[in-house]
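Colleague: Quick check, what structure comes out for this input:
(one chain, ligands or ions: 1)
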Amino acid sequence: MKQNLLSVLDLSVVDLERLMADAARLKTERAEGCCPPLLAGRSLGMIFEKPSTRTRVSFEVGMFELGGHALHLNQGDMQLRRGEAIADTARVLSRYVSAVMIRAYSHATIEEFAAHSTVPVINGLSDLEHPCQILADIFTIRERFGRTDGLVAAWIGDGNNVCNSLVLSAGMTGMEVRIATPTAYAPDPAIIERGRAEGGQIVCARTPEEAVEEADVIFTDTWVSMGSEGEEQARREAFVGYCIDDRLVARATDRAIVMHCLPAHRGEEITDAVLDGPRSAVWDEAENRLHVQKAVLMNLLATFDERTFQQMLE
Ligand code: CP
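Modeller: Below is the predicted model:
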């Protein structure tokens, strides 16, 4: 693996397979009450510029279960708030912790942090991507279908960071990805182009109905992501017709599942009936953040240790 996980494109197909296998093993072991302390003595710094429930708790619990420790570092409580450079923060934290997870408004902030960090850095969500989320989503789809290759995934709503990670991972997963968004909220064409260049089959559908036709997986997310709060009214108007309801789900295959990375705005992008209904995979999806991120932490740190050992021998 590479040193950092900033994008799903930092992973090879081999890396993805290893993460999925390790996550499955960790999930089984946990259910059996067995949590080997593979990261004993290790610390994870977790910097948050934005709120979080799932990312914070799953990383923190994950580190605990692996025998390590996680530090919640609210950006507003750090010297970052008073203007300390992100590069200097990265240099200093690298002297204390074994890895850093960072959630930032701008992807450039995470890239800058990683450029000056000497320990592995994980993107815990940026404006561009949410790689940890899409890895948990891929794991969840595999649990339900036994595979991702040959499935059809429909993304309905805002062409946001999770949508970008879905598009960019399509070449690795073999899923056809269909996207239905209002024109003003479509993913950046450069992302679609890159997804296709990576071997992904990406279809820009004209309507949500067209996208979900015979789909196996239906994805949605909030219409008002963190950082877009000033656009609430305009967004709610633009997204009329993009709500995942029973009528839309009925157009998908009989075995189709519905995914949402949460938090959900019930009655906006998804109805209560769908979110709480038999097609919903969202609670497994949320749980799987834990198992997949434990696998990410183990593999990044194992690769880092190996590289450090090799450097010591040189
Ligand atoms: N899906 C997700 O990243 O959730 P949080 O914002 O609660 O971390």
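
Colleague: so how many other residues sit close to the closest residue in space to Arg81 that isn't next to it in sequence?
Modeller: Sequence neighbours aside, Gln75 is the residue nearest to Arg81 in space, at 6.3 Å (criterion: Cβ to Cβ, 6 or more residues apart in numbering). For the C-beta atoms, the positions are set from N, CA and C on the backbone; glycine is no exception. Gln75 has 19 neighbours, counted by other Cβ atoms under 10 Å.

Colleague: residues in contact with Gln75?
Modeller: Ile47, Phe48, Glu49, Arg81 (Cβ atoms under 8 Å, 6 or more residues apart in numbering).

Colleague: Return the member of those nearest to the ligand.
Modeller: Checking those against the ligand with Cβ to the nearest ligand atom, the nearest one is Phe48 at 8.9 Å.

Colleague: what's the closest non-adjacent residue to the closest one?
Modeller: Arg103 is the one closest to Phe48 (Cβ to Cβ, 6+ apart), at 4.9 Å.

Colleague: Ok, Ala281 next?
Modeller: Per Cβ to Cβ, 6+ apart, closest to Ala281 is Ile257, 4.3 Å.

Colleague: and the one you found, bridged to which residues?
Modeller: Val217 (DSSP bridges).

Colleague: Surely it and Ile141 touch.
Modeller: Yes - the pair Ile257 / Ile141 is scored as a contact, 7.4 Å apart, by Cβ atoms under 8 Å.

Colleague: which stretches of the protein form strands?
Modeller: Applying DSSP state E to the chain gives strands spanning 43-48, 69-74, 99-103, 121-123, 152-156, 176-180, 201-204, 217-220, 257-260.

Colleague: okay, the first one in PDB with CA atoms only?
Modeller: Think strand 43-48. Extracted C-alpha coordinates of strand 43-48, given in PDB (Å, rounded to 0.1, in the frame of the first residue of the first chain):
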ATOM      1  CA  SER A  43      -1.800   6.300  18.700                       C
ATOM      2  CA  LEU A  44      -4.000   7.800  16.000                       C
ATOM      3  CA  GLY A  45      -4.500  11.600  15.900                       C
ATOM      4  CA  MET A  46      -7.900  12.600  14.600                       C
ATOM      5  CA  ILE A  47      -8.200  16.200  13.400                       C
ATOM      6  CA  PHE A  48     -11.800  17.400  12.700                       C
END
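
Colleague: For it, name the packing helices and strands.
Modeller: helix 54-65, strand 69-74, helix 86-96, strand 99-103 (3 or more Cβ pairs under 8 Å, 6 or more residues apart in numbering; DSSP states H and E).

Colleague: Buried residues of the longest one, list them for me.
Modeller: Buried residues in helix 54-65, counting neighbours by 16 or more other Cβ atoms under 10 Å, are found at Arg54, Thr55, Arg56, Ser58, Phe59, Glu60, Gly62, Met63, Glu65.

Colleague: The third one now?
Modeller: For helix 86-96, the buried set under the neighbour-count rule, 16+ other Cβ under 10 Å, comprises Ile86, Thr89, Ala90, Leu93, Ser94.

Colleague: hmm, back to that, the helices and strands packed on strand 43-48: which one's closest to the ligand?
Modeller: helix 54-65 (3.3 Å).

Colleague: So which residues make contact with the closest one?
Modeller: Against helix 54-65 from outside (Cβ under 8 Å, 6+ apart): 30, 35, 39, 42-44, 46, 48, 69-70, 72, 101, 103, 124-125, 132, 261-262, 286, 289-290, 293-294, 297.

Colleague: Residue numbers of the stretch 101-250 of the chain in contact with the ligand?
Modeller: Leu125, Gln133 (Cβ under 6 Å from any ligand atom).

Colleague: Walking through the stretch 101-250 of the chain, point out its helices one by one.
Modeller: 107-116, 131-145, 161-173, 189-197, 208-212, 232-238, 246-249 (DSSP state H, counting those that start in this stretch).
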